[in-house]
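Asks: Make a model of this:
(chains A and B)
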Amino acid sequence: MVEKRIIDARGSFCPGPLMELIAGLKMMQVGDEAEVLSTDKGSANDIPEWVKKVGHAHLGTREEGNVWHVTVRKMK
Amino acid sequence: MSTNRISIILTSDKREPLQMAAMIASVGAVSGSEVIVFVSMNAMPYFFKNGPEHAPAAGSIGEVMEQKKAPHFMTLFEQAVELGDAKIYPCSMAMDLLEIGAQDLKPFVGDAMGLTKFLDDARDGQVWSF
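Replies: Reported below is the predicted structural model:
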């Protein structure tokens, strides 16, 4: 069963949300999903770049209010 | 020979260069680069077990970083090691000068390194100085 974990990085600045995502991914299983909540627009752009570079899957990014929700699937 | 190596020379005690170095170290390390950080001069005390946490700002951006929740540079250096396997080496000359040993440094700091070894390791790849 796929686990979906919320990583609340609101209020943190680059590269805080990315580092929190990576720490979260280390504790997750392949196939699990993480949704990062970030108020830092730079991180909303940077996280998908990192995900693509290292071989995970970026499932989408949406903005609600001033919060970006970046969803990632752990692939390895 | 590694062409995907990032070597960082860290000598400043000011918040902005420390922050920039920590950002490059952490993001580089978790993005597949081999990262080595050579710590010397005025940057050394931050890596002491009971070293200062507060770094003086060099300018206005440093002051804003302190007011807002920018991740602390030492947190980023520790994450670079723990999440990305970066290596942080204290300068052996600085350690001799300050009369400190490995037991005086934070646990994520590696063994002392001399400049000759660092320069050899840093020969290939990117070198950043702060």
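
Asks: C-alpha only now, for contacts and for neighbours.
Replies: Noted.

Asks: how about the helices in chain B?
Replies: Under the criterion DSSP state H, chain B contains helices at B:15-30, B:60-67, B:73-84, B:92-98, B:115-121.

Asks: Longest helix in chain A, please.
Replies: Per DSSP H, chain A has its longest helix at helix A:41-54.

Asks: Tell me the gap between it and the middle of its chain.
Replies: Averaging C-alpha coordinates over helix A:41-54 and over its chain gives two centres that are 8 Å apart (C-alpha atoms, centre = their mean, to the nearest Å).

Asks: What are the buried residues along that helix?
Replies: A:43-44, A:47-48, A:50-51 (16 or more other C-alpha atoms under 10 Å in any protein chain shown).

Asks: Would you mind trimming these to those in range of chain B?
Replies: residue A:50 (C-alpha under 8 Å from any C-alpha of the partner chain).

Asks: Name the nearest of the buried residues of helix A:41-54 relative to residue A:25.
Replies: Within the buried residues of helix A:41-54, the smallest distance to residue A:25 is 11.1 Å, found for residue A:51 (C-alpha to C-alpha).

Asks: before we move on, the earlier item: just checking: what are the partner strands of the next helix or strand after the longest helix of chain A?
Replies: Using DSSP states H and E, the helix or strand that follows helix A:41-54 towards the C-terminus is strand A:57-64. If you go by DSSP bridges, strand A:57-64 pairs up with strand A:67-73 (antiparallel).

Asks: could I get the strand it pairs with in PDB with only the CA atoms?
Replies: Extracted as PDB, the C-alpha positions of strand A:67-73 are listed here (Å, rounded to 0.1, in the frame of the first residue of the first chain):
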ATOM      1  CA  VAL A  67       1.500  27.700  -0.300                       C
ATOM      2  CA  TRP A  68       3.100  25.400  -3.000                       C
ATOM      3  CA  HIS A  69       2.300  21.700  -2.900                       C
ATOM      4  CA  VAL A  70       5.000  19.700  -4.600                       C
ATOM      5  CA  THR A  71       4.200  16.000  -4.900                       C
ATOM      6  CA  VAL A  72       7.000  13.400  -5.400                       C
ATOM      7  CA  ARG A  73       7.100   9.600  -5.800                       C
END
